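**Q** Could you look at this predicted model? Sequence included:
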Amino acid sequence: MKQTAKTITLLFALLIGVTDGGAQTALDAFEQGNAFYREGKFEEAAETYESILRQGWGSPELYFNLGNAYYRLGRTARAILSYERALQLAPNNPDIKHNLALANLRTVDRIEALPELFFIQWLRSLSAFLPLRVTVRIFIACWILLFGSLAVFYIFSHDRLLRLMRVLAFVLALTLLPVASLLTAQYLEAQSRNDAIITASVVTAKTSPDEQSVDAFVIHEGLKVSIGDTVGEWVRITLADGKVGWIRSGEYERI
């Protein structure tokens with residue numbers, strides 16, 4: 001397990017526009033949590049990291065270190081939840097992926113995911129390589145260059161320059177199509193993301209939102225599920241293999 005309690009500047013990107021006092025307090029707490037972790041005081045480290053989250057802060061490093069502390073405490077579900085949250089903020093971080101894989105080895109359930117269509121797999125791979133914010137920047141840059149080339153095309157009359165602008169505009173227009181498609185798909189996926197981690201030790205899912213209904217299946221803490229409709233205190237979940245059941249709202253936590 002990669003246990004680095006990183007002392008890099010906490011939430012640097014999120015400190016913009018925040019008072020220096022608040023930022024310093026969060027950074028001091030982060031450093032204190034790291035110190036607890038290095039001393040083997042994992043409970044104190046986890047509580048310190050959680051206190052930072054309660055203040056409204058969040059970063060891949062914070063969730064990563066929190067996951068490490070919970071992993072050391074043997075609290076598998078909380079560790080997986082923290083790693084998953086870190087991975088959402090830093091989807092290409094190898095340390096997070098490594099520790100998440102180790103934490104998942106501690107789970108009881110081994111569920112084989114349904115195969116995905118090739119273009120969905122391709123989209124997921126590309127989305128992991130190009131996060132949503134990067135795709136947005138590429139899209140905006142292409143638009144700016146496209147309109148710039150069109151402006152040059154109408155303003156200047158030099159034949160060679162006009163030919164170059166035509167080629168550039170054509171290439172940019174072709175580039176915008178797949179980038180726009182990727183951006184739309186990433187946005188829709190982000191909006192519809194409803195993943196959660198089972199936090200209760202053992203959960204018996206029901207076939208309907210009723211305690212008296214038939215048992216559908218049994219799952220255990222640390223399992224990642226997709227959540228759907230809610231009926232009172234019940235929520236519909238879907239497993240990676242497509243099984244659907246209903247569990248109580250207090251038995252999971254959203255990523």
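**A** Here it is on my side, so go on.

**Q** got the buried residues for stretch 145-161?
**A** Neighbour counts over stretch 145-161 (16 or more other CB atoms under 10 Å) mark 145, 146, 149, 150, 152, 153 as buried. Every C-beta, even on glycine, is put in place using the N, C-alpha and C of the backbone.

**Q** Please enumerate the strands of this protein.
**A** For the chain, applying DSSP state E gives strands covering 195-198, 202-206, 215-220, 224-231, 234-238, 244-248, 252-254.

**Q** can you put these in CSV and add mean pLDDT, mean neighbour count and distance to residue 43?
**A** Converted to CSV, the strands of the chain look like this (pLDDT from 0 to 100; neighbours: other CB atoms under 10 Å; distance: least, CB to CB, whole Å):
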stretch, mean pLDDT, mean neighbour count, distance to residue 43
strand 195-198, 96, 20, 20
strand 202-206, 97, 18, 24
strand 215-220, 97, 16, 23
strand 224-231, 94, 15, 25
strand 234-238, 96, 20, 30
strand 244-248, 97, 20, 27
strand 252-254, 95, 17, 19
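
**Q** Need the phi and psi values for residue 243.
**A** phi -70, psi 140 (degrees, to the nearest 10).

**Q** Quick check: the gap between it and residue 199.
**A** Noted for residue 243: a distance of 19 Å to residue 199, by CB to CB, to the nearest Å.

**Q** Please export the C-alpha coordinates of stretch 72-91 as CSV.
**A** Output of stretch 72-91 as CSV, limited to C-alpha atoms (Å, rounded to 0.1, in the frame of the first residue of the first chain):
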residue,chain,number,x,y,z
ARG,A,72,-5.1,1.3,8.5
LEU,A,73,-8.0,1.2,10.9
GLY,A,74,-9.6,-1.7,9.0
ARG,A,75,-12.6,0.4,8.1
THR,A,76,-12.8,-0.9,4.5
ALA,A,77,-16.0,0.9,3.4
ARG,A,78,-14.8,4.3,4.6
ALA,A,79,-11.4,3.8,2.9
ILE,A,80,-13.0,2.8,-0.4
LEU,A,81,-15.4,5.7,-0.2
SER,A,82,-12.5,8.1,0.4
TYR,A,83,-10.4,6.7,-2.4
GLU,A,84,-13.4,6.9,-4.8
ARG,A,85,-13.9,10.5,-3.9
ALA,A,86,-10.2,11.2,-4.5
LEU,A,87,-10.4,9.4,-7.8
GLN,A,88,-13.3,11.6,-9.0
LEU,A,89,-11.1,14.7,-8.4
ALA,A,90,-7.9,13.1,-9.8
PRO,A,91,-9.0,10.3,-12.2
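
**Q** Give me the contact list for it.
**A** 3, 42-43, 46, 58-64, 66-68, 70-71, 93, 96-97, 99-100, 103-104, 106-107, 127-128, 131, 195, 197-199, 221-222, 224, 253, 255 (CB atoms under 8 Å, 6 or more residues apart in numbering).

**Q** And for stretch 97-108?
**A** By CB under 8 Å, 6+ apart, the residues outside stretch 97-108 that reach it are 1-2, 64, 67-68, 71, 76, 79-80, 83-84, 87, 220-223.

**Q** in the chain, which helix or strand is least confident?
**A** helix 118-129 (a mean of 62; mean pLDDT, DSSP states H and E).

**Q** between the contacts of stretch 97-108, which has the most around it?
**A** In terms of neighbour count, residue 83 stands highest of those at 31 neighbours, by other CB atoms under 10 Å.

**Q** Just want the most central residue of the chain.
**A** residue 88 (1.5 Å; CA atoms, centre = their mean).

**Q** Thank you kindly, that will do.
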